[in-house]
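Engineer: Any chance you could fold what I've pasted below:
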Amino acid sequence: MTNHPSSYDAFPVPEDPSLHGGASAPPPGPPPRPKRRRRVIRAIVITLVVALVATGGYVAYNYQRFIGGVSHVDAIADNTGDDFDGVDQNILLVGDDHRPDGATQADLDKLGTEADGGGTNTDSMMVLHIPADGSTASLISFPRDSWVDIPGHGKNKLNAAFTLGGGNDDPEGGARLLISVIQDMTGLRIDHYVRVSLLGFYNIAEALGPIDVCLNNAVNDPYSTVNLPAGVSTLNAQQALAFVRQRHGLPNGDLDRQVRQQYFLSVEARKILSAGTLLNPFKLGNVLDAVSGAIETDPGLNFIDLATQLRGLNADNINSATIPIRGTPTITVNGSPLSIVEVDTDAMPDFINSVLGIPSAYESAVEAAPGDVTVTVLNGGAANGAAGAATASLVSYGFVGGTPGSASSRVETTIQYPAGQEAAAKAVAPYLPGAAVVEAPDVTGVTVVLGSDGQAPAPLPTAAPVAPAPVAPVPEGTTYAAGACIN
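Structural biologist: Numbering: from 1, shown residues only. The predicted model follows:
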């Protein structure tokens, strides 16, 4: 990744009264009035286009009527529109608070917003990866607060890239700068670009009609206006908008909001592919009109070609994943505290390879014997003394223990290893089945960094000492089955 001089001149001012980085409660006293300019997730509706165009109902519909409502922006410099030829595709999906031209006061009233133009920070960013055979798809989420290098602007939050590139004044420049940052982060080539507005999300949700979601716990958040009980709730369009926007009061803040986005997408895709939508010409027409009027794409995105490649896709083989992160530390910028998401650049290559289905040296390695492996445990967010306790547990299973220590704060427990020690890392992995395993150039041996997720090797049982059975590899992403519940 290219390094650039640090610059904070264009840093966006946070809108919410609390810093991102976990659950946050409203201030004492009466509930505050809902924010008028909210950072809302809309990009998830773009993937619904994939579900729509992958069905016979779409082809039967008037194609010209659909594409006539789609706006275009020249976001992809070298795209000819002829690249759906049996190769992998990566489509960048973004959403922001901009108000489409022609939005009426009645439209704005639906959203609880003002005619102020809205925000142009792209707070919803996902890459839809479609393999060449189109049999599955992967939806990769990018936390809006990811602290990244933005060419020409130094370090900044990822959601500022579009604005720094020109925003609504120069949507082409904004899109191209954001694409450049995403490509530098992941190594993926972005083939197409889709942007959707706040109003666009609402119109699509309204066209689809009421939708059921299931929550593990009741929520009541005055910032997003969502107020739902635990269990299954049936949402209208306004409630759906609030549901995917909530981050206050969730255990992992904005990271849980991304789970909401992925979950909601799966539920909506399943509804689109149901007979109640596909076999109802009036409803299908309304949904298609809402989708086409909501999106802005690069001119090279050909929906017929996309549909052909995705003919085998269904609502249950869309995998969801979030880029690897180290944690949500608070840093100081211009003398003020700022909560960010620290991207785990070491883990990124293996993560992307897993999405692409590329076998790694780790996957093909033969597990080493514990007695041949030295493990150093560092505490990056667990309770005091956790590194020493974990070291003792691993030693009890036959590993050679290194000196316990501390590491920078992170959420996810990680097993790191240098190139060439894949077999040693693979020996440790069964004892920490929830940990990520990544190649890291800055370690000299297998290193376990404990995060705040509570992962730790269990002590050796006092009765019959038996090593834990090997576990299956962690899947590339998560699919949300019908009836699943989330935070």
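Engineer: need the contact list for residue 436.
Structural biologist: Shown in contact with residue 436 (Cβ atoms under 8 Å, 6 or more residues apart in numbering): 324, 344, 347, 412, 413, 414, 415, 474. The way it works is simple: take the backbone N, C-alpha and C, and place the C-beta from them, glycine included.
Engineer: Quick check: the two most widely separated of those residues?
Structural biologist: 344 and 474 (14.7 Å; Cβ to Cβ).
Engineer: And these two? Which one has more around it.
Structural biologist: Between residue 344 and residue 474, residue 344 has the larger neighbour count (other Cβ atoms under 10 Å), namely 21 against 13.
Engineer: Let me see the confidence value for that one.
Structural biologist: With respect to pLDDT, residue 344 scores 89.
Engineer: next one: residue 392
Structural biologist: Looking at residue 392, its pLDDT stands at 95.
Engineer: That one and residue 401 touch, don't they?
Structural biologist: Yes. Between residue 392 and residue 401 there is a contact under Cβ atoms under 8 Å: 7.4 Å.
Engineer: residues contacting the most centrally placed residue in the chain?
Structural biologist: Taking Cα atoms, centre = their mean, the centroid of the chain lies closest to residue 141, which sits 1.8 Å from it. With contacts defined as Cβ under 8 Å, 6+ apart, residue 141 is in contact with 125, 126, 258, 261, 262, 320, 321, 322, 323.
Engineer: repeat for residue 90
Structural biologist: Residue 90 makes contact with 127, 128, 129, 130, 188, 189, 190, 191, 192 under the criterion Cβ under 8 Å, 6+ apart.
Engineer: so can I have CSV of the residues you listed showing neighbour count, pLDDT and secondary structure?
Structural biologist: Formatted as CSV, those follow (neighbours: other Cβ atoms under 10 Å; pLDDT from 0 to 100; DSSP: H, G, I helix; E, B strand; the rest coil):
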residue, neighbour count, pLDDT, secondary structure
127, 22, 93, strand
128, 22, 89, strand
129, 24, 91, strand
130, 23, 88, strand
188, 18, 94, coil
189, 12, 93, coil
190, 22, 95, coil
191, 19, 93, coil
192, 24, 93, strand
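Engineer: closest to residue 233 among those residues?
Structural biologist: The shortest approach to residue 233 among those belongs to residue 128, at 27.3 Å (Cβ to Cβ).
Engineer: and the gap between the closest one and residue 194?
Structural biologist: From residue 128 over to residue 194 the distance is 9 Å, taken as Cβ to Cβ, to the nearest Å.
Engineer: Show the buried residues in the contacts of residue 141.
Structural biologist: 125, 126, 258, 261, 262, 320, 321, 322, 323 (16 or more other Cβ atoms under 10 Å).
Engineer: quick one: the fourth one and residue 243 touch, right?
Structural biologist: So that's residue 261. No. Using Cβ under 8 Å, residue 261 is not in contact with residue 243, being 9.8 Å away.
Engineer: Pull up the gap between residue 176 and residue 386, please.
Structural biologist: 45 Å.
Engineer: who touches the nearest residue to residue 362 once chain neighbours are set aside in this structure?
Structural biologist: Spatial nearest neighbour of residue 362, chain neighbours left out: residue 422 (4.3 Å); criterion: Cβ to Cβ, 6 or more residues apart in numbering. Counting by Cβ under 8 Å, 6+ apart, residue 422 touches 360, 361, 362, 364, 365, 439.
Engineer: Pick out the most distant pair among the residues you listed.
Structural biologist: 364 and 439 (13.4 Å).
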